[in-house]
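Engineer: Below is the sequence, then the predicted model.
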Amino acid sequence: MNTMERSGGNLASPAMLTNVAARWWHALPDGRIQCDLCPRDCKLHEGQRAACFVRAMEKGRMVLTTYGRSSGFCIDPVEKKPLNHFYPGSSILSFGTTGCNLACKFCQNWDISKSREMDTLMDEASPTAIAHAAQRHGSQSVAFTYNDPVIFAEYAMDTADACHALGVKTVAVTAGYMHAQPAREFYAKMDAANIDLKAFTDDFYVKQCGGHLQPVLDTLAYVWHETRCWLEITTLLIPGHNDSDEELKRLSAWCATELGPDVPLHFSAFHPDYKLLDVPGTPPATLQHARRIAMDAGLRYVYTGNVHDRSGDATVCPDCGKAVIERDWYEILSYALDDTGHCQHCGATIAGRFGHFGKPFGARRMPVALHSA
């Protein structure tokens, strides 16, 4: 079950950019196949698609129908992923495909993740084309985002290989809903990940996302403790659904105990969207309160997102208490770290991945068009 057919190391033709052989499945005695990529364990008849919509049974095997096709490419600040401790100020080439293996009623990218129209996928690009585009535009990284890269893991992993060959780093923005074996292979090729921890109750995951909490916790622990992939976590706070003090205390305590104090945690503001239109947006005070709860639990780097909050955007040295990175949304206003991530005020080490800090990319968003190479 090869990821794709190759010709000289690259895709042989644009026609081969879709319906390539997929990985992580096995045949069942009744003639169906079972997808082993994520905990949904979809069992498929010939011609049937999985819940994610992009993995299907075709001629007795599993195929990925969106390999090499994207819903669009854009150059963003890395802070937008959000990643605050992964080469701050750098730009990142972002893209996604279509479909998702969860069914979140509050999805903020539902027009992409819930799309059943292959015409939504506008741009064709091979992994090599993407890597060269990132290099050409001066982007330090490529992000697999907009929809969940778990469902197009083969495409993301091949793109990661092409990026690494050119010295370009790779980032997964994901819900972390993945079985252990494919996760081992997937995160071995990622330099950083922002993983959604959507709530801290299984009831929320079942009713609001069509999934379960424990597989996500397992992924978080695995990535942080067993890989070299830098990890940051995002929790979208939805009023009345996952923002109670009791739940936030348990979530923060789990992060502090099971992961440790250095994993950055982002509390992000919800806005009414998709199937959750009757819930109000998250007040800034809720995010600030959640941030205090997480810091009281021992987490050193806690941020607020989707709101204007200079204090919640700042990276503060846990030793001397001085700001080492001041931000306003995605703009970096001041930077006081050396090239190895040490506080210039006291010399303490700040957790993360850092390098030479030049002129920051800023808050720009630059759509780009790619053509397959």
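Structural biologist: Perfect, I can see it now. Numbers count the residues shown, from 1 in each chain.

Engineer: Give me the most central residue, this protein.
Structural biologist: Val173 (0.7 Å; Cα atoms, centre = their mean).

Engineer: any idea what that one is structurally, helix, strand or coil?
Structural biologist: strand (DSSP: H, G, I helix; E, B strand; the rest coil).

Engineer: mind listing what it touches?
Structural biologist: 81, 143-146, 149, 193-194 (Cβ atoms under 8 Å, 6 or more residues apart in numbering). Just so you know, the C-beta spots here come from the backbone N, C-alpha and C atoms, and that holds for glycine as well.

Engineer: Which ones among those lie within strands?
Structural biologist: Counting by DSSP state E, the part of those found in strands is 143-144, 193-194.

Engineer: Would you point out the most distant pair within those?
Structural biologist: Maximum pairwise distance among those (Cβ to Cβ): 10.8 Å, between Phe144 and Asn194.

Engineer: All the helices of this protein, residue numbers only.
Structural biologist: 110-113, 127-136, 153-165, 180-187, 202-204, 214-226, 245-254, 284-296, 310-313 (DSSP state H).

Engineer: Could you list the domains of the protein?
Structural biologist: 14-64, 69-368 (automatic domain parsing).

Engineer: how about these in JSON lines, adding mean pLDDT?
Structural biologist: Formatted as JSON lines, the domains of the chain follow (pLDDT from 0 to 100):
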{"stretch": "domain 14-64", "mean pLDDT": "91"}
{"stretch": "domain 69-368", "mean pLDDT": "94"}
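
Engineer: Pick the most buried one from those.
Structural biologist: Sort those by mean neighbour count, taking mean count of other Cβ atoms under 10 Å, and domain 69-368 sits at the top with a mean of 19.

Engineer: Now do the end-to-end distance for that domain.
Structural biologist: 14 Å (Cα to Cα, to the nearest Å).

Engineer: starting at the chain centroid, how far to that domain?
Structural biologist: 5 Å (Cα atoms, centre = their mean, to the nearest Å).

Engineer: Identify the farthest-apart pair in the contacts of Val173.
Structural biologist: Tyr146 and Ala193 (14.9 Å).

Engineer: Which neighbours do Phe144 and Asn194 have in common?
Structural biologist: Common neighbours of Phe144 and Asn194 (criterion: Cβ under 8 Å, 6+ apart): 171-174.

Engineer: Tell me if I'm right that Ser126 and Gly68 touch.
Structural biologist: Yes. The pair Ser126 / Gly68 is scored as a contact, 5.9 Å apart, by Cβ atoms under 8 Å.

Engineer: and the lengthiest strand in the chain, which strands flank it?
Structural biologist: If you go by DSSP E, the chain has its longest strand at strand 230-237. Looking at strand 230-237 with DSSP bridges, its partner strands are strand 192-196 (parallel), strand 265-269 (parallel).

Engineer: Can you give me every residue that contacts Asn101?
Structural biologist: 37-38, 40, 50-52, 148, 150-151, 175, 177, 211.

Engineer: Distance to Ala134 added to those residues, as TSV?
Structural biologist: Below are the contacts of Asn101 laid out as TSV (distance: Cβ to Cβ, whole Å):
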residue	distance to Ala134
Leu37	26
Cys38	27
Arg40	31
Ala50	30
Ala51	31
Cys52	26
Asp148	20
Val150	21
Ile151	22
Ala175	24
Tyr177	26
Gly211	31
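
Engineer: from those residues, which two are the most distant?
Structural biologist: Once Cβ to Cβ is applied, those give Ala50 and Ala175 as the farthest pair, at 15.7 Å.

Engineer: In PDB, list the C-alpha atoms belonging to stretch 202-216.
Structural biologist: Taking C-alpha atoms only, stretch 202-216 is exported to PDB below (Å, rounded to 0.1, in the frame of the first residue of the first chain):
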ATOM      1  CA  ASP A 202     -16.000  13.400  26.800                       C
ATOM      2  CA  ASP A 203     -19.600  14.600  26.800                       C
ATOM      3  CA  PHE A 204     -18.600  17.700  24.900                       C
ATOM      4  CA  TYR A 205     -16.600  15.700  22.400                       C
ATOM      5  CA  VAL A 206     -19.500  13.300  21.800                       C
ATOM      6  CA  LYS A 207     -22.200  15.800  21.500                       C
ATOM      7  CA  GLN A 208     -20.400  18.700  19.800                       C
ATOM      8  CA  CYS A 209     -17.700  17.000  17.800                       C
ATOM      9  CA  GLY A 210     -18.700  13.400  17.100                       C
ATOM     10  CA  GLY A 211     -15.600  12.100  18.800                       C
ATOM     11  CA  HIS A 212     -14.000  11.300  22.200                       C
ATOM     12  CA  LEU A 213     -11.600  13.100  24.500                       C
ATOM     13  CA  GLN A 214      -9.100  10.300  25.400                       C
ATOM     14  CA  PRO A 215      -7.500   9.900  22.000                       C
ATOM     15  CA  VAL A 216      -6.700  13.600  21.900                       C
END
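
Engineer: Who are the contact partners of the closest residue to Leu337 other than its chain neighbours?
Structural biologist: In space, and not counting its chain neighbours, Leu337 is closest to Val324: 5.2 Å by Cβ to Cβ, 6 or more residues apart in numbering. Neighbour list for Val324: 315-317, 335-337, 343-345, 350 [criterion: Cβ under 8 Å, 6+ apart].

Engineer: Check Ala56 too.
Structural biologist: With Cβ under 8 Å, 6+ apart, Ala56 has these contacts: 44, 47-50, 62-63, 65.

Engineer: can we see that at 6 Å?
Structural biologist: Listed by Cβ atoms under 6 Å, 6 or more residues apart in numbering, the contact partners of Ala56 are 49, 63, 65.

Engineer: for Trp24, same thing?
Structural biologist: By Cβ under 6 Å, 6+ apart, the contact set of Trp24 is 36-37, 182.

Engineer: same thing but 10 Å
Structural biologist: Contact analysis of Trp24 by Cβ atoms under 10 Å, 6 or more residues apart in numbering lists 1, 34-38, 55, 62, 153-154, 178-179, 181-182, 185-186.
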